[in-house]
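[1] Need a 3D model of the sequence below.
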Amino acid sequence: MDSSQLLEGLGLFAWGVLVAFVGWRVAWDPARARRVGASRWWLDRGMARRRGLSKEEWLDRWARLSHTLAKWVGIPALLFWFALCVWMIARGLGA
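    Below is the predicted model of the structure:
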């Protein structure tokens, strides 16, 4: 048993669970996604105004896109992350 690789795998797995929890809370709750977008409005307001979007329209778009991004990029990335963690844990147990 290789305890260092086992602990690395467990730590990375715990980190992935934390990232998944935070991402889930933001992406699947439109009100929370709008609050996150509101804190970012100062950065993107010039681009939104060039596209003719008001702040409310931009926040709605932000919430919708964060959900889409989490679904199509975040979930596959987390699945890969967890598979890597399980591989590291299995190698740690098998060594």
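
[2] Could you list the buried residues of the longest helix along the chain?
    Once the chain is assigned using DSSP state H, the helix that runs over the most residues is helix 3-27. Of the residues in helix 3-27, Gln5, Leu6, Glu8, Gly9, Leu12, Phe13, Gly16, Ala20, Gly23, Val26, Ala27 count as buried by neighbour count, 16 or more other CB atoms under 10 Å. All C-beta spots, glycine's among them, are computed from the backbone N, C-alpha and C.

[3] residue contacts, the third one?
    Going by CB atoms under 8 Å, 6 or more residues apart in numbering, Glu8 touches Met88, Gly92.

[4] now do the second one
    With contact taken as CB under 8 Å, 6+ apart, Leu6 is in contact with Met88, Ile89, Gly92, Leu93.

[5] now the residue most central in space within the chain: how far from Leu69?
    Nearest to the centroid of the C-alpha atoms of the chain, with distances taken as CA atoms, centre = their mean, sits Gly23, at 4.0 Å. Using CB to CB, to the nearest Å, one obtains 9 Å as the distance from Gly23 to Leu69.

[6] quick one on the thing from earlier: looking at the contacts of Leu6, which one is closest to Trp62?
    Taking CB to CB as the measure, Met88 is the one of the contacts of Leu6 closest to Trp62, at 35.1 Å.

[7] Pull out the buried members of the contacts of Leu6.
    Using 16+ other CB under 10 Å as the burial test, the contacts of Leu6 include Met88, Ile89, Gly92 as buried.

[8] What helices and strands are in contact with the helix or strand hosting the second one?
    The one in question is Ile89. Counting by DSSP states H and E, the element that carries Ile89 is helix 75-94. Judged by 3 or more CB pairs under 8 Å, 6 or more residues apart in numbering; DSSP states H and E, the packing partners of helix 75-94 are helix 3-27.

[9] relative orientation of the helix it packs on and helix 75-94 in degrees?
    For helix 3-27 and helix 75-94, the angle between their directions (axes from the mean of the first three to the mean of the last three CA atoms, to 10 degrees) works out to 160 degrees.

[10] which is the next helix or strand following helix 3-27?
    As assigned by DSSP H and E, the chain's next helix or strand after helix 3-27 is helix 30-50.

[11] then that next one to PDB, C-alphas only?
    Only the C-alpha atoms of helix 30-50 are listed here, as PDB (Å, rounded to 0.1, in the frame of the first residue of the first chain):
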ATOM      1  CA  PRO A  30     -30.800  31.200 -11.300                       C
ATOM      2  CA  ALA A  31     -31.000  33.700  -8.500                       C
ATOM      3  CA  ARG A  32     -27.600  32.700  -7.200                       C
ATOM      4  CA  ALA A  33     -26.100  32.700 -10.700                       C
ATOM      5  CA  ARG A  34     -27.500  36.300 -11.200                       C
ATOM      6  CA  ARG A  35     -25.800  37.400  -7.900                       C
ATOM      7  CA  VAL A  36     -22.500  35.900  -9.100                       C
ATOM      8  CA  GLY A  37     -23.000  37.700 -12.500                       C
ATOM      9  CA  ALA A  38     -23.800  41.000 -10.700                       C
ATOM     10  CA  SER A  39     -20.400  40.900  -9.000                       C
ATOM     11  CA  ARG A  40     -18.900  40.500 -12.500                       C
ATOM     12  CA  TRP A  41     -21.000  43.100 -14.200                       C
ATOM     13  CA  TRP A  42     -18.300  45.800 -13.900                       C
ATOM     14  CA  LEU A  43     -16.000  43.700 -16.100                       C
ATOM     15  CA  ASP A  44     -18.500  42.800 -18.800                       C
ATOM     16  CA  ARG A  45     -20.700  45.900 -19.000                       C
ATOM     17  CA  GLY A  46     -18.900  47.400 -22.000                       C
ATOM     18  CA  MET A  47     -19.300  44.200 -24.000                       C
ATOM     19  CA  ALA A  48     -23.000  44.000 -23.000                       C
ATOM     20  CA  ARG A  49     -23.700  47.500 -24.000                       C
ATOM     21  CA  ARG A  50     -22.100  47.000 -27.400                       C
END
